[in-house]
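Asks: this is a predicted model, with the sequence first.
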Amino acid sequence: ALALEKSLWEALIAALQPTIASLQRLGSAVADLDVLENLAERADTLNWNRPRFEPLPGIEIRGGRHPVVEQALERTGQRFTPNDCVLRDDRRLAVITGPNMGGKSTFMRQTALIVILAHIGSFVPANDCVLGPIDRVFTRIGASDDLASGRSTFMVEMTEAAAILNAASPSSLVLMDEIGRGTSTFDGLSLAHAIAARMLTGNRCLTLFATHYFELTQLAVTHAGAFNLHLSAVEHAGGIVFLHSVEAGPASQSYGLEVARLAGLPAPVIRAARESLVSLESSASQHDPQGNLFGDLRESTMEFTLE
């Protein structure tokens, strides 16, 4: 039986040998058709629109959506909140603030997904989309150790940030999510500020920079090309309601305790944290230990004066 199987297989290969090149071209064409048909079906079914390209650098997305999150919400009877994203020569770095679970990461990822979909020839999940030349997409999102190599989460963050700073160009899209979390407050804040400033003045890449360091919102005052966005949320009936809407300007507060309560932390822990927060905020308002952290920043030397 094995000998017969081998004989039949070899006979089949010999018969096909003269047409292998044609069959490979046919297979490639069928694969292309399969991808294009799938993209067309998704565009028609999910109400995607055709992107437009222009020679000037920038991204202008109106009513952008995250295709995966949108469908997950629809299965539960919820609606996705579309948002705009506009980056251009005078708006190169968006400092994005707002609460955890507010939608910062989703907003950044949907922007990158729309850019990638447009560049592979697909329609995109947006009401309108105009893109300038984008050479690469860089991301620094998520937290993970590299235990096999003995690298901490912070070391992984810094390695990835270094790769971005060494490679990103004015035509690159960069997603930077909460850089500087894994070290002391002053270290992390100073590094995040220096990295953002370098991307503005050195790389000049198109950047979405999400952070919980509220001090970084001052970049919009001190650096041309930086501007503030925030994900809106409101307090209602003693809790927090995430609106998932991207608005201009910095967030008013972080809602960290409300998010912790939603996560299931015991009520005594939340009460104790709230008491500590009131005490810390009172102490900070009296002594102002870092209220003007970057007030004496000298851009030429990247030195900081901590007052």
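Replies: Sure, I can see it.
Asks: burial measure for residue 116, as a count.
Replies: As a burial measure, residue 116 scores 14 neighbours (other Cβ atoms under 10 Å). No exception for glycine: its C-beta is placed from N, CA and C like everyone else's.
Asks: my bad, should have said residue 185
Replies: If you count neighbours by other Cβ under 10 Å, residue 185 ends up with 13.
Asks: which SSE is the nearest residue to residue 86 once chain neighbours are set aside in?
Replies: Counting by Cβ to Cβ, 6 or more residues apart in numbering, residue 86 lies nearest to residue 60, which is 5.2 Å off, once chain neighbours are set aside. Element membership for residue 60, per DSSP states H and E: strand 59-64.
Asks: tell me which residues are up against that strand.
Replies: Residues outside strand 59-64 that contact it (Cβ atoms under 8 Å, 6 or more residues apart in numbering) are 82-88, 110-111, 114-115, 124-132, 134, 173, 206.
Asks: rewinding a little: for the residue nearest to residue 86, give the beta-bridge partners.
Replies: residue 86, residue 130 (DSSP bridges).
Asks: now residue 127, nearest residue through space, not along the chain?
Replies: Leaving aside its chain neighbours, residue 127 sits nearest to residue 63 (3.3 Å; criterion: Cβ to Cβ, 6+ apart).
Asks: distance of the one you found from residue 188?
Replies: 34 Å (Cβ to Cβ, to the nearest Å).
Asks: do the same with residue 107
Replies: Residue 107 is 22 Å from residue 188, by Cβ to Cβ.
Asks: related to what we said a few turns ago, just give me the neighbour total for the residue nearest to residue 127.
Replies: If you count neighbours by other Cβ under 10 Å, residue 63 ends up with 14.
Asks: what's the separation between it and residue 113?
Replies: 14 Å.
Asks: re earlier: helices or strands up against the next helix or strand after the strand holding residue 60?
Replies: Downstream of strand 59-64, the next assigned helix or strand under DSSP H and E is helix 67-75. On a contact count with 3 or more Cβ pairs under 8 Å, 6 or more residues apart in numbering; DSSP states H and E, helix 67-75 meets helix 104-119.
Asks: list the buried residues in the helix it packs on.
Replies: For helix 104-119, a neighbour-count test (16 or more other Cβ atoms under 10 Å) marks 104-115, 117-118 as buried.
Asks: out of the residues you listed, flag the one nearest to residue 12.
Replies: Taking Cβ to Cβ as the measure, residue 117 is the one of the buried residues of helix 104-119 closest to residue 12, at 40.2 Å.
Asks: nearest residue to that closest one other than its sequence neighbours?
Replies: residue 124 (5.0 Å).
Asks: how far away is that neighbour from residue 277?
Replies: In this view, residue 124 and residue 277 are 42 Å apart by Cβ to Cβ.
Asks: ok, the two, which is more surrounded?
Replies: Neighbours were counted for residue 124 and for residue 277 using other Cβ under 10 Å; residue 124 has more, 24 against 12.
Asks: just checking, the more buried one touches residue 52?
Replies: No. Between residue 124 and residue 52 there is no contact under Cβ atoms under 8 Å: 10.4 Å.
Asks: which parts of the stretch 1-150 of the chain are helices?
Replies: Ranges of helices in the stretch 1-150 of the chain, per DSSP state H, counting those that start in this stretch, are 2-16, 20-45, 67-75, 104-119.
Asks: quick revisit: please list only the buried members of the contacts of strand 59-64.
Replies: Among the contacts of strand 59-64, those that count as buried by neighbour count (16+ other Cβ under 10 Å) are 82-83, 85, 87, 110-111, 114-115, 124-126, 129-132, 134, 173, 206.
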